[in-house]
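Trainee: here's a sequence, model it:
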Amino acid sequence: MQLAPETVRPIARAEYDRMVSLGLFEDDERIELLYGVLVRMPPQDPAHSVVVQILTNRLVLALASRATVRAQLPFAASDDSEPEPDIAVVPNGARERRISSSKWRTRPSARIAC
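Mentor: You can find the predicted model right below:
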């Protein structure tokens, strides 16, 4: 079933974060906010999980003093998206700048590797 575009109301990242904090989703439900739309994500394939773990370990060792490697964690990409990339490489200090700021950046401060 398709909905007419005028009937769809995008969700802002702040609203999505509030929904998560209120526990509106099942614990085992994998959902990401992408461009204002809630997207149900499929379960992870075991082979995919192994590759993510190997890459994470290698990147942590290679970038230890230059960046933070985040595996499968939410990333505030924009006001309407909060994906959970397999791997993100975040420059050192980026997290601290976001925490000390009253607003999240509207431009990504990480490079998505996977």
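
Trainee: where along this protein do the strands fall?
Mentor: Along the chain, the stretches classed as strands by DSSP state E are 31-34, 37-40, 67-71, 87-91, 111-112.

Trainee: for the fourth one, packing partners?
Mentor: This points to strand 87-91. Using 3 or more Cβ pairs under 8 Å, 6 or more residues apart in numbering; DSSP states H and E as the contact definition, the elements that strand 87-91 packs against are helix 46-63, strand 67-71, strand 111-112. The C-beta positions use only the backbone N, C-alpha and C, and glycine is treated the same way.

Trainee: mind doing that once more with 7 Å?
Mentor: Counting contacts by 3 or more Cβ pairs under 7 Å, 6 or more residues apart in numbering; DSSP states H and E, the secondary-structure elements packed against strand 87-91 are helix 46-63, strand 67-71.

Trainee: same list, the strands of the chain, but as TSV with distance to Val60, mean pLDDT and mean neighbour count please.
Mentor: Formatted as TSV, those follow (distance: least, Cβ to Cβ, whole Å; pLDDT from 0 to 100; neighbours: other Cβ atoms under 10 Å):
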stretch	distance to Val60	mean pLDDT	mean neighbour count
strand 31-34	23	95	19
strand 37-40	28	95	11
strand 67-71	5	92	19
strand 87-91	10	90	19
strand 111-112	15	50	12
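
Trainee: what's near enough to touch the closest residue to Gln53 other than its chain neighbours?
Mentor: The spatially closest residue to Gln53, leaving aside those adjacent along the chain, is Ala71, at 7.7 Å (Cβ to Cβ, 6 or more residues apart in numbering). Counting by Cβ atoms under 7 Å, 6 or more residues apart in numbering, Ala71 touches 52, 56, 86-87.
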